[in-house]
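In: my questions concern the predicted model and sequence given below.
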Amino acid sequence: MTFTETNVAGGGGRNDQVINIAECNGNGDTLQLDWTMTTAWASAWSTYRLFATTASDCSSASTNLLAPDVAVSAGSSTGTVAGVDVRTKIVSPFGITCSGTPPTNIRLCASVYDTNAAAVGVTATMVVAFDFAVPDPPIGVGTTPGDGALNVSWTGATTGAATATSFTATATAVAPAAGQTCNGGGASGATCSVTGGTSCRISGLTNLACYQVTVVGYSNSNNASAPSAAASGVPVPVDDFWKHYQDAGGRQQGGCGLGGDGPLALLALLPLVPRLRRRSP
């Protein structure tokens, strides 16, 4: 008998068998446990029970029930238990603090019981690890203007307890600072995200409005860094290279890599290069 853990929407966890900071803190995320028997259930086996333990094996697991007993149909070899609450069923009973050094791994145990509530002795086990490592904020954030957009680039920090593998940039409309020639009251809250890259384009912004852009990095377990230092940017009506690239069939979302229709799109843009210029507002 084997089973797996799946993160249900809410905590944003990416890796099976890993509980991140958001899930540990109890933001409404739950686990879904899917089990598979190598042979079909015998008719005398009526239920299975799921436990969590810090023991090295499941031989003594009989407390901290994760879910109500699950009825088993004769001949069934697969099944699912959804809605196992991470915070109240796994984190709180073991006094886990959701920061700093990760605690001892938690072992999940599934045991089959017969109609007399006696353990049959068929047991599945799975270790759930905790990952509280947080990446440092991205550095070197900069923007270049686009038409109703900002092209954002940054450098992934090389220090920190974890390495950021994905990033989200957020544009916030702000009032003009002293000496700025831009407007307040622009559309706010637009974002762009990228995995394995260090640039993306935030669209849906207001031309000639003042913006500040911050970037957050996420570890492989989806632990978020603090926001980067803010970079200023002002979208402008412009025949920018990115817009022409997409109009010509380019499909990349940022960065320097080209794939798919990228090379052909670049060739199509060559006649436009002398014409790339700022339009009058």
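Out: Sure, I can see it. Numbers count the residues shown, from 1 in each chain.
In: give me the neighbour count for Gly184.
Out: Neighbour count for Gly184, taken as other Cβ atoms under 10 Å: 12. No exception for glycine: its C-beta is placed from N, CA and C like everyone else's.
In: so it touches Ala175, yeah?
Out: Yes. Counting by Cβ atoms under 8 Å, Ala175 is a contact partner of Gly184 at 4.3 Å.
In: between those two, what contacts are shared?
Out: The contact sets of Gly184 and Ala175 overlap at Cys210 (Cβ atoms under 8 Å, 6 or more residues apart in numbering).
In: could you chop the protein up by domain?
Out: Domain segmentation of the chain under automatic domain parsing yields 2-130, 139-237.
In: spatially, what comes nearest to Ser62 if we skip its sequence neighbours?
Out: Excluding the flanking residues, the one nearest Ser62 by Cβ to Cβ, 6 or more residues apart in numbering is Phe51, at 6.8 Å.
In: quick check: longest strand of the chain.
Out: strand 119-130 (DSSP state E).
In: avg pLDDT for that strand?
Out: What strand 119-130 shows for mean pLDDT is 77.
In: and if you look at stretch 177-193?
Out: Rounded mean pLDDT across stretch 177-193 is 90.
In: endpoint to endpoint, that stretch covers what distance?
Out: 27 Å (Cα to Cα, to the nearest Å).
In: how about that stretch: buried residues?
Out: 182, 186, 190-193 (16 or more other Cβ atoms under 10 Å).
In: most tightly packed of the domains of the chain?
Out: domain 139-237 (a mean of 18; mean count of other Cβ atoms under 10 Å).
In: end-to-end on that one?
Out: Domain 139-237: ends 28 Å apart by Cα to Cα.
In: just stretch 181-193 next, same as before
Out: 28 Å.
In: measure Glu23 to Thr181 for me?
Out: 46 Å (Cβ to Cβ, to the nearest Å).
In: circling back: ok, the residue nearest to Ser62 - contacts?
Out: Phe51 neighbours (Cβ under 8 Å, 6+ apart): 58, 61-66, 108-111.
In: wasn't it part of a helix?
Out: No. Phe51 sits outside any helix when classified using DSSP: H, G, I helix; E, B strand; the rest coil, being strand.
In: so what sits opposite it in the bridge?
Out: Beta-bridge pairing for Phe51 (DSSP bridges): Leu65, Cys109.
In: send me stretch 226-236 as PDB with only the CA atoms.
Out: The C-alpha trace of stretch 226-236 is given here as PDB (Å, rounded to 0.1, in the frame of the first residue of the first chain):
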ATOM      1  CA  ALA A 226      10.900  40.200   1.200                       C
ATOM      2  CA  PRO A 227      10.100  42.700  -1.700                       C
ATOM      3  CA  SER A 228      13.100  44.200  -3.500                       C
ATOM      4  CA  ALA A 229      14.000  47.900  -3.300                       C
ATOM      5  CA  ALA A 230      11.500  49.800  -5.500                       C
ATOM      6  CA  ALA A 231      12.400  51.000  -8.900                       C
ATOM      7  CA  SER A 232      10.600  53.900 -10.600                       C
ATOM      8  CA  GLY A 233       9.100  53.700 -14.000                       C
ATOM      9  CA  VAL A 234       6.700  55.700 -16.300                       C
ATOM     10  CA  PRO A 235       4.900  54.000 -19.200                       C
ATOM     11  CA  VAL A 236       4.900  56.100 -22.300                       C
END
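In: tell me the mean pLDDT over that stretch?
Out: Per-residue scores along stretch 226-236 average to 96.
In: can you map out the helices along the protein?
Out: For the chain, the helices defined by DSSP state H cover 21-24, 86, 241-247, 262-269.
In: worst average pLDDT in those?
Out: Mean pLDDT per stretch puts helix 262-269 lowest among those, at a mean of 47.
In: what residues does Ala173 make contact with?
Out: Here Ala173 is in contact with 184-188, 206, 209-211 (criterion: Cβ under 8 Å, 6+ apart).
In: Asp85 too?
Out: Contacts of Asp85 by Cβ under 8 Å, 6+ apart are 26, 30-31.
In: what separates the nearest residue to Val236 once chain neighbours are set aside from Gly26, distance-wise?
Out: Once flanking residues are discounted, Val236 sits nearest to Pro145: 4.6 Å by Cβ to Cβ, 6+ apart. According to Cβ to Cβ, Pro145 stands 42 Å off from Gly26.
In: same thing with Ala226?
Out: Distance from Ala226 to Gly26, by Cβ to Cβ: 21 Å.
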